[in-house]
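**Q** Sequence and predicted structure are below.
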Amino acid sequence: MIVRFSSPEESFFPQKQCDEDDAAHQEAIMDVITLFEQAMATKEDMRKRYAECKDISPERRVVLQKNLDDEA
């Protein structure tokens, strides 16, 4: 279906809405990327702290390592 507009002003509004939708989608994607990067940084911090712990029994260390690997 082709929509014909009688004036340039009428054709401006659908394009403006598309541009606004695209900007909203891009912003949402950037928000998701930021959340993902924060989650990865938190997980990496947990891995570093885990590696620094010296008082974890070998049995418990195996369970913790398995949980960290399963979440990856």
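**A** Everything's here; your move. Numbers count the residues shown, from 1 in each chain.
**Q** any idea what residue 56 is structurally, helix, strand or coil?
**A** Of the three states, residue 56 takes coil according to DSSP: H, G, I helix; E, B strand; the rest coil.
**Q** Flag the shaky bits of this structure, pLDDT-wise.
**A** 1-17, 71-72 (pLDDT under 70).
**Q** what are the ranges of the helices in it?
**A** Here the chain has its helices, by DSSP state H, at 8-52, 58-71.
**Q** Kindly spell out which helices and strands sit in contact with the first one.
**A** Read that as helix 8-52. Helix 8-52 is packed against helix 58-71, with contacts defined by 3 or more Cβ pairs under 8 Å, 6 or more residues apart in numbering; DSSP states H and E. Placement of C-beta: from N, CA and C, glycine included.
**Q** Assess the claim that residue 68 and residue 44 are in contact.
**A** No. Under the criterion of Cβ atoms under 8 Å, residue 68 is not in contact with residue 44, lying 10.6 Å apart.
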